[in-house]
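J.: just to be clear, the model below is a prediction. Sequence and coordinates:
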Amino acid sequence: MPKRALVVVAVVVVLAVLGTVLALTLGDDDGGDKRADTKADTSQGASSGSGKGGKDDSGKGGASGNGGEGEKNDDGSRTDGSGKGSGDTDEDGTADGSTSGDADSSSSNGSSDSSGSSSGGSGKVTTYKGAQGFSIGLPKGWKYTKTDSAGARFTGPEGQRLLIAWTSTPKNDPVADWKSQERYMTRSQYHRIRIEKVDYRGWNAADWEFTYSDNGTQYRTIDRGFVVNDHQGYALMYSAKSARWKSDLRKDTWKTLNTTFEPKS
């Protein structure tokens, strides 16, 4: 065979070998990328499926399907009448013993601004604006403590307490709602004084007034529930020591809280 023909054959063989190597190399790289993409998609799908509020295998909603914050009363029952809660609050209705500063300090759950005297109350007040959208005038010495699943909590001089609760599904009969929730009352030495309809600024309102004992101290509470509109209801749960119930401070404070409260606009 001529020398020139041998060279041509050799070149063809080399080219064939190179072509085979390149084909195998490119084929392996492409397969590796696809496997990596598949793993990434699978991982993302698993993460997305495990989030709160998703559905389980039975098609039921996840754990975050419970009611919104602030829709419970201080005794654990909900302001929308759906029954007792599961120990979100202490029996005495107070926060954990810690406060977050004076009423004129800002917080992540709301803000406060100094304002002048209210129309009938205990003088100068500080307006607290809750994250939910409501606002209320806090008399001197009152402090915002925290917002939890029951609502926004405040404390005042001489053991006074206030809980502001709200709901987006208010009942149309506050009296019947309070009587229904009374079944879940667990306070020590609880005694009902009254549950009755009241005239409160033109809103559909009812008072639930009662006494109870906390560590040997007698307290008296007025829980004023009222319906602002079809999708907005509130409760002002005010407590003070029974021994101070007839004092001017107690009377003026309750008047100020009622006259300065403004619902979410």
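T.: Looks like it arrived, so ask away.

J.: how near is Thr221 to Ser242?
T.: Distance of Thr221 to Ser242, given as CB to CB, to the nearest Å: 10 Å. Quick note: C-beta positions are derived from backbone N, CA and C, even for glycine.

J.: ok, these two, which is more surrounded?
T.: Using other CB atoms under 10 Å, the more surrounded residue of Thr221 and Ser242 is Thr221, with 22 against 15.

J.: now for the residue nearest to the more buried one when sequence neighbours are not counted: which residues touch it?
T.: Spatial nearest neighbour of Thr221, chain neighbours left out: Ser239 (4.4 Å); criterion: CB to CB, 6 or more residues apart in numbering. The contact partners of Ser239, by CB atoms under 8 Å, 6 or more residues apart in numbering, come to Gly93, Gln160, Arg161, Leu162, Tyr219, Arg220, Thr221.

J.: my read: the fourth one touches Thr145, true?
T.: No - in terms of CB atoms under 8 Å, Leu162 does not count as a neighbour of Thr145; the distance is 9.7 Å.

J.: for the two, work out which one has more neighbours and name it.
T.: Taking other CB under 10 Å, Leu162 and Thr145 do not tie; Leu162 has more neighbours (25 against 21).

J.: from Tyr128, how far out is that one?
T.: In terms of CB to CB, Leu162 sits 10 Å off from Tyr128.

J.: quickly list what's touching both of the two.
T.: By CB under 8 Å, 6+ apart, the residues touching both Leu162 and Tyr128 are Phe154.

J.: can you tell me the helix or strand for Asn204?
T.: Taking DSSP states H and E as the definition, Asn204 sits inside strand 203-214.

J.: can I get that strand in PDB, CA atoms only?
T.: Provided in PDB are the C-alpha atoms of strand 203-214 (Å, rounded to 0.1, in the frame of the first residue of the first chain):
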ATOM      1  CA  TRP A 203     -72.700  50.600  69.300                       C
ATOM      2  CA  ASN A 204     -74.400  47.300  70.100                       C
ATOM      3  CA  ALA A 205     -72.800  46.700  73.500                       C
ATOM      4  CA  ALA A 206     -73.100  44.700  76.700                       C
ATOM      5  CA  ASP A 207     -71.300  44.600  80.000                       C
ATOM      6  CA  TRP A 208     -70.200  41.500  81.900                       C
ATOM      7  CA  GLU A 209     -69.400  42.500  85.400                       C
ATOM      8  CA  PHE A 210     -68.100  40.100  88.000                       C
ATOM      9  CA  THR A 211     -65.700  39.600  91.000                       C
ATOM     10  CA  TYR A 212     -63.000  37.000  91.600                       C
ATOM     11  CA  SER A 213     -60.100  36.300  93.800                       C
ATOM     12  CA  ASP A 214     -56.400  36.300  92.900                       C
END
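
J.: by contact count, what packs against it?
T.: Applying 3 or more CB pairs under 8 Å, 6 or more residues apart in numbering; DSSP states H and E, one finds that strand 203-214 contacts helix 174-182, strand 191-200, strand 217-229.

J.: same list (those) but as JSON lines, adding distance to Ile136.
T.: JSON lines is the format used below for these (distance: least, CB to CB, whole Å):
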{"stretch": "helix 174-182", "distance to Ile136": "19"}
{"stretch": "strand 191-200", "distance to Ile136": "14"}
{"stretch": "strand 217-229", "distance to Ile136": "12"}
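
J.: can you list the ones you listed in CSV and add mean pLDDT and distance to Trp166?
T.: Formatted as CSV, the helices and strands packed on strand 203-214 follow (pLDDT from 0 to 100; distance: least, CB to CB, whole Å):
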stretch, mean pLDDT, distance to Trp166
helix 174-182, 97, 14
strand 191-200, 98, 15
strand 217-229, 98, 9
